[in-house]
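A.B. asks: quick one, what's the 3D model for this:
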Amino acid sequence: MNNRYVFNLTLQLDAEVIEPCLTELTTHILPAVIDGEVVLSADIRRIVNPNADEVTSYAIQFLFPSLDIYTNRKLERLSIFVEMMDKSFANKYVYFATLMEVIHYNNGSSVRT
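C.D. replies: Below you'll find the predicted structure:
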């Protein structure tokens, strides 16, 4: 079984760069990282925090087709992400990373007979 892997970056952004950073991520940074071979897709999710006083956090999830490709080729794609983020937002964000294996995925479009 060759499961896909999600590399999750949880970001905290300084308040003054949230909107420009999200725009830059969606229009330039993520399209530069996604190549369809090493990184299949990426999405951005806002982490819902019930405490309004907390810093807003975002999860960026990069989908890799296999653990082998992630292990051997992640740096070639993810270095693009860090370089582009630092170019515009150096010292305005922090992140931590998590690797997750996709065990089951259901997109709701199963064929019924």
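
A.B. asks: can we go C-alpha only for contacts and neighbour counts from here?
C.D. replies: Fine.

A.B. asks: count the residues that sit near Phe81.
C.D. replies: 19 (other CA atoms under 10 Å).

A.B. asks: before we move on, what about Tyr70?
C.D. replies: 20.

A.B. asks: what does the one 10 residues further on give?
C.D. replies: The local packing of Ile80 (other CA under 10 Å) involves 16 other residues.

A.B. asks: is it true that it touches Leu30?
C.D. replies: No: using CA atoms under 8 Å, Ile80 is not in contact with Leu30; the gap is 9.1 Å.

A.B. asks: now Val94: how far from Val82?
C.D. replies: Per CA to CA, to the nearest Å, Val94 is found 11 Å from Val82.

A.B. asks: first-to-last residue distance for stretch 16-28?
C.D. replies: Length of stretch 16-28, first residue to last, CA to CA: 19 Å.

A.B. asks: got the buried residues for the strand or helix carrying Thr71?
C.D. replies: Thr71 belongs to helix 67-89 when elements are defined using DSSP states H and E. Buried residues in helix 67-89, counting neighbours by 16 or more other CA atoms under 10 Å, are found at Leu67, Tyr70, Lys74, Arg77, Leu78, Ile80, Phe81, Met84, Met85, Phe89.

A.B. asks: and for stretch 26-46?
C.D. replies: In terms of neighbour count (16+ other CA under 10 Å), stretch 26-46 has its buried residues at Ile29, Leu30, Val33, Ile34, Val38, Val39, Ser41, Ala42, Ile44.

A.B. asks: dump the residue contacts of the closest residue in space to Val33 that isn't next to it in sequence.
C.D. replies: Excluding its sequence neighbours, the residue lying closest to Val33 (CA to CA, 6 or more residues apart in numbering) is Arg77, at 5.4 Å. By CA atoms under 8 Å, 6 or more residues apart in numbering, the contact set of Arg77 is Val33, Ile34, Val38, Val39.
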